[in-house]
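1. predicted model, plus sequence, below.
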Amino acid sequence: MFSKRFEKETFKQTVKDNIRTLYRKTIEEATPQQLFQAVSYAVKDVIFDDWFATQKAYDEADAKTVYYMSMEFLMGRALGNNLINMTVYKDVKEALDEMGIDLNVIEDQEPDAALGNGGLGRLAACFLDSLATLNYPAYGCGIRYRYGMFKQKIENGYQKEVPDDWLREGNPFELRREEYAKEVRFGGNIRFEKDPATGKDIFIQENYESVLAIPYDMPIVGYGNHVVNTLRVWDAKAITDFKLDEFDRGNYHKAVEQENLAKLIVDVLYPNDNHYSGKELRLKQQYFFISASLQALIAKYKKKHDDVRKLYEKVVIQMNDTHPTVAVPELMRLLIDQEGLNWEEAWDVTTKTCAYTNHTIMAEALEKWPIDLFSRLLPRIYQIVQEIDRRFLIKVREMYPGNEHKVKKMAILMDGQVRMANMAIIAGFSVNGVARLHTDILKTQQLRDFYEMMPEKFNNKTNGITQRRFLAHGNPLLADWITDKIGDGWITDLSQIAKLKPYVEDETARREFMEIKYKNKVRLAKYIKEHNGIDVDPRSIFDVQVKRLHEYKRQFLNILHIMYLYNQIKEHPEMSFYPRTFIFGAKAAAGYLRAKETIKLINSVAEVVNNDRSINGKLKVVFIEDYRVSNAELIFAAADVSEQISTASKEASGTGNMKFMLNGAPTLGTMDGANVEIVQEVGAENAFIFGLSSEEVINYENNGGYNPQDIYFNDWELKRVVDQLMDGTYSHGDHNMYKNLYNSLLNTQSTDKADMYFILKDFRSYADAQKRVEEAYRDQQRWSRMAMMQTACCGKFSSDRTIEEYVADIWHLEKVEVPSGQEE
Ligand code: CR6
């Protein structure tokens, strides 16, 4: 037992007391939301004791700390995960059962903390879980968005975005820390003076606007080790509080205005995944949380240490993509302007403290701020960037005399833009990609010049996921079964899951494994019935593609193939066809037209196919509304097939692919991102691989693309499918509904290259792979072996492994043991 407070009777009493003090109600009278709050408060008390014990232990150990700087933390729900990590989930479930309360219902009351878009934000959340579980001192630093990722409603087949008011009922798992508030300044001008005493240059920012950053801390509970780390997210408020005298003097409006301006900064998460939109407010968000976080970490460091020249001995900053890279010049500014270091000293500290992770090769995701915007908003920061650039280019010219081409490619400031990735690479001591293939492409293509100049900085850290959330919590039946077979060591050491391999040859074990899969499919079918009103047969193949909607991820290829299957079934009703349920879940960025059109197409195909009685339910198509972390847990557990079909070279890693694997779903995919490593672990015979290789794709791209018309006019079945986009089959006769999608394939109208993502090119190869899936599934013995092999071989893909690699190669942290914060 973790703590006395979770002894059944004590816990039950605490929940009752909480309901009474919070709501003046009895258990019977309380709403599920109120029960959620009461249970969470009971849990929170214990967490908070361990939290303070952890901070004390870190303090005493004077341990080096990693600050994971990220615009996104896609945390999902906290209650269930905290109970799992405190190892009291079952005790609490039992206690609540006895009170007539269903823990699942209580958990469903909690809104997802959706402070992120997709993989990048969820990766940050998995990393925090692993850092705490592995006893490493760590802070996540981010923004407390008032509205997180929008809620998706599907109306008439179209996506509608609804604001995510996640804080409406209050967040029981956060702590406001007014005492650590920091001021952040924007705009104005810089006055330059000489300090008469020291002769040093002083830079004074004048006529600026400032806001107050207020931290909210959220506890990150490690698994079974009493460690509670911190996710610190910043809220903004105006510096001038409402004061009555101001009101009297007629400054009321000014005060309101300032408050609104401040609030605007943290108002909402930008809903773009893998796409940059050069909005001023976004740059404000970036500087806001970075400046506040850096000020706080320097202040914390100085409590124990007097020489900031050695900051890097106790602090390492990981920049999650380019979004936080304004940390480089901001750290320089704080060290020079506030701490009095000279340029060389400050540069030494900065370049030993900051490390950068690249998450994409997609050109449209690269952040390049217009210089006029950047310098107006951050005048002092801009001066520093100019100086970093100037000094760097001297080096480039020394190394490559006369090669102005290199200068053009590698400069930070070029063509009126500030290129954030270049700055991150120049200043960071480490540059990593997120899967082996991705890192190789960075070295040989995208970042080749930098790699040639500073190869020692480059390294790979293949992404991972936390098995605590995506197996222990999300798939309790499988989790218990695994523990039954091999013990519970896998929960904190996923490599142990390989001990399942011998069971792959055990027929009883395989049958049990498939029975669990079936139960999870029933659970998902129930969810789909409740949320979509669609009946799906849990005996059909659950073929799943859930991820953000993006052209390179090719949901379009998947749905075109479904249209093709439908034609086949209609034309050859006698053809043998194993029943399939195609499941989609995806949010599209609000301004991304083709993505939204794809959602409409999927829903229209679903409407036609699902209502066609003549096909005997052989095909079902389901679009799950509002795909997010909490329903993802149900979906992964129930999947038979994992669709990972991005255009090779485009998906840096993918992490959903790993969650499917963990839950026993074979990959149907291209040799892209981490799929390559998944296939290596599980064996090519246990995956369904198709399509162009990344070299082939890159080759085509470097030589002007390919001609999709050649395929279109030579494959009549495929042509028919493409033509059905325009002939009204899926649009009640409307010939325009899918014209953007149609044009994207054949380029009759579009400005882009035709079929940039090689959908027609890969179509036949994909259809073949789908055939192989069907054959394999028909042979239930073969399939159960294959499915079990996924789980047995996924040891590498724990974020615990990823974190240990970051620690060994980049962060160099020590583990700190933490005693229980509870009086036992
Ligand atoms: N969109 C990559 O596209 C990767 C995650 C996490 C992404 C995805 O392949 O798994 O990062 N990139 O590394 C960006 O967000 C820029 C993503 O989630």
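-> Arrived safely.
2. just checking, what packs against whichever strand in the chain runs longest?
-> Longest strand in the chain by number of residues (criterion: DSSP state E): strand 209-221. If contacts are counted by 3 or more Cβ pairs under 8 Å, 6 or more residues apart in numbering; DSSP states H and E, strand 209-221 sits against helix 32-61, helix 79-85, helix 119-133, strand 175-176, strand 182-186, strand 228-238, helix 252-265, helix 280-304. Any C-beta I mention is one placed from the backbone N, CA and C, and that applies to glycine too.
3. against the ligand, how distant is the residue nearest to residue 467 when sequence neighbours are not counted?
-> Closest residue to residue 467 apart from its sequence neighbours, by Cβ to Cβ, 6 or more residues apart in numbering: residue 494 at 5.2 Å. Residue 494 is 18 Å from the ligand, where distance means Cβ to the nearest ligand atom, to the nearest Å.
4. so what's residue 494 up against?
-> By Cβ atoms under 8 Å, 6 or more residues apart in numbering, the residues touching residue 494 are 467, 794-795, 797-798, 800-801.
5. ok, the residues you listed vs the ligand, which is closest?
-> Nearest to the ligand, judged by Cβ to the nearest ligand atom, of these is residue 797 at 11.5 Å.
6. what's the pLDDT at residue 4?
-> We note a pLDDT of 80 for residue 4 in this prediction.
7. surely it and residue 822 touch.
-> Yes - using Cβ atoms under 8 Å, residue 4 is in contact with residue 822, at 7.0 Å.
8. neighbour count winner among these two?
-> Higher neighbour count among residue 4 and residue 822: residue 822, with 16 against 12, using other Cβ atoms under 10 Å.
9. mind listing what residue 777 touches?
-> 541, 578, 640, 783.
10. isn't residue 296 right next to residue 184, touching?
-> No - between residue 296 and residue 184 there is no contact under Cβ under 8 Å: 11.3 Å.
11. between the two, point out the one with more neighbours.
-> residue 184 (24 against 21).
12. part of a helix, is residue 317?
-> No - according to DSSP: H, G, I helix; E, B strand; the rest coil, residue 317 belongs to no helix; its state is strand.
13. burial count for it?
-> The burial count for residue 317: 28, using other Cβ under 10 Å.
14. over to residue 405?
-> A count of nearby residues for residue 405, using other Cβ under 10 Å, gives 10.
15. that one and residue 567, how far apart?
-> Distance of residue 405 to residue 567, given as Cβ to Cβ, to the nearest Å: 51 Å.
16. so what's the residue of the stretch 51-200 of the chain found nearest the ligand closest to, chain neighbours aside?
-> Closest to the ligand within the stretch 51-200 of the chain is residue 119: 2.7 Å, counting by Cβ to the nearest ligand atom. Spatial nearest neighbour of residue 119, excluding adjacent residues (Cβ to Cβ, 6+ apart): residue 655 at 5.0 Å.
17. swap in residue 632?
-> Among residues not flanking residue 632 along the chain, residue 546 sits closest, at 6.4 Å (Cβ to Cβ, 6+ apart).
18. specify the beta-bridge partners of the one you found.
-> Note on residue 546: beta-bridge partners by DSSP bridges are residue 585.
19. correct me, but it touches residue 584?
-> Yes - taking Cβ under 8 Å as the definition, residue 546 is a contact partner of residue 584 at 7.0 Å.
20. neighbour count for these two, which is higher?
-> Between residue 546 and residue 584, counting by other Cβ under 10 Å, residue 584 is the more crowded of the two (25 against 22).
21. so the more buried one versus the ligand, what's the distance?
-> According to Cβ to the nearest ligand atom, residue 584 stands 17 Å off from the ligand.
22. now the residue of the stretch 151-300 of the chain found nearest the ligand: how far from residue 366?
-> Using Cβ to the nearest ligand atom, the closest approach of the stretch 151-300 of the chain to the ligand is made by residue 274 at 4.2 Å. According to Cβ to Cβ, residue 274 and residue 366 sit 10 Å apart.
23. same question, residue 545
-> Residue 545 is 26 Å from residue 366, where distance means Cβ to Cβ.
24. tell me which of those two has more neighbours.
-> Neighbours were counted for residue 545 and for residue 366 using other Cβ under 10 Å; residue 545 has more, 25 against 19.
25. before we move on, which element is the closest residue to that one other than its chain neighbours in?
-> Nearest non-adjacent residue to residue 545, counting by Cβ to Cβ, 6+ apart: residue 643, 3.7 Å away. Here residue 643 sits within strand 641-644, counting by DSSP states H and E.
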